[in-house]
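Enquirer: Following is a predicted model, sequence given first.
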Amino acid sequence: MSAPSTLPGLAAADRAWGEASTRSGVRVRAVTDAEGARAAMQLIGDVWGPDNRIASTGLLVALAQTGNHVALAEDDEGVAGVCAGFVHADDPTALHSHVAATRPGTSGRGIGLTLKLQQRAWALHRGIRTITWTFDPLVRRNAHFNLTRLGARGVAYLPDLYGPMQDTLNRGEPSDRLHVTWELSHPAAVSSPPGPVPDVLSERDGSPVVVPLPARGYGVVVIPADIERLRSLDPRRAHRWRLAVRTVLTTALAEGWHIDGFLRDRGYLLRKA
């Protein structure tokens, strides 16, 4: 699909990902063949383990060959990141980003930001206005990146979306995911609540404590600082956090609350007018 000449944000999107590429020291290129897909799958295996079912070489080739988004970020050491998605079957102006990952040990370089900004530019040039994806709502750094850095909006909590998963990061836990929508020309503004905000899920001695939702206003769903470390040290406590966050967010969204952003050192900011 060719983008309408009036679609806003094309030049700015190109410039943003180009500048991010320079800062992060990576080059982003499209995957077009099995060689590139195998390189992408090697990195995915490095992140999720060799037994993951996140994707496959054949799937990435098929996506690329049918006009979908599959990209590699590379630096002098090789593949530094991968990002891939497909156009919604019922809405050609929306792309679903299925996987995004960076090479272990590269945190803080801005490679993930470069990949997402390149994906945004790729989408805008094809008339795509929205990108959706899901992520584990208990991973604080991902929540901050998605909701604060990018300006995506959390719109739905999906319990055990993929069923049991056997990869290194998810084995033994329900695959709960937060579904987000990224409006490419108009990212969500970062909210600043007026004054102190009470917790509607708090922490006591390292465990979750559910607090009743108020009638309206703001509330914070606190999540652990490092759920991955907690899962390795105390999986039962980590599972209690999973169930508590699921309970509070599904209840809040069903009762008309909105996820208004993410407070980096606390958790999800909820709002109900």
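Expert: Nice, thanks for sending it over. Every value quoted in this text rests on a predicted model; they were computed, and no experiment measured them.
Enquirer: Spell out the residue ranges of the strands in this structure.
Expert: Using DSSP state E, the strands of the chain run over 27-30, 69-75, 78-88, 91-102, 130-135, 153-158, 177-183, 199-204, 207-210, 217-222, 258-263, 267-272.
Enquirer: Redo those as CSV? Include distance to residue 232, mean pLDDT and mean neighbour count.
Expert: Heads up, the C-betas are built off the backbone N, CA and C, glycines and all. Shown next, in CSV, are those (distance: least, C-beta to C-beta, whole Å; pLDDT from 0 to 100; neighbours: other C-beta atoms under 10 Å):
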stretch, distance to residue 232, mean pLDDT, mean neighbour count
strand 27-30, 32, 97, 16
strand 69-75, 28, 98, 22
strand 78-88, 24, 97, 22
strand 91-102, 20, 97, 19
strand 130-135, 19, 98, 20
strand 153-158, 24, 97, 18
strand 177-183, 21, 97, 20
strand 199-204, 19, 95, 17
strand 207-210, 17, 96, 16
strand 217-222, 20, 96, 22
strand 258-263, 24, 95, 22
strand 267-272, 21, 96, 22
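Enquirer: Distance to residue 122 for these - can I get that in JSON lines?
Expert: Converted to JSON lines, the strands of the chain look like this (distance: least, C-beta to C-beta, whole Å):
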{"stretch": "strand 27-30", "distance to residue 122": "8"}
{"stretch": "strand 69-75", "distance to residue 122": "5"}
{"stretch": "strand 78-88", "distance to residue 122": "9"}
{"stretch": "strand 91-102", "distance to residue 122": "8"}
{"stretch": "strand 130-135", "distance to residue 122": "10"}
{"stretch": "strand 153-158", "distance to residue 122": "21"}
{"stretch": "strand 177-183", "distance to residue 122": "13"}
{"stretch": "strand 199-204", "distance to residue 122": "37"}
{"stretch": "strand 207-210", "distance to residue 122": "39"}
{"stretch": "strand 217-222", "distance to residue 122": "33"}
{"stretch": "strand 258-263", "distance to residue 122": "26"}
{"stretch": "strand 267-272", "distance to residue 122": "29"}
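Enquirer: From residue 121, how far off is the closest residue to residue 264 other than its chain neighbours?
Expert: In this structure, residue 264 finds its nearest non-sequential neighbour in residue 144, 4.9 Å apart by C-beta to C-beta, 6 or more residues apart in numbering. In this view, residue 144 and residue 121 are 23 Å apart by C-beta to C-beta, to the nearest Å.
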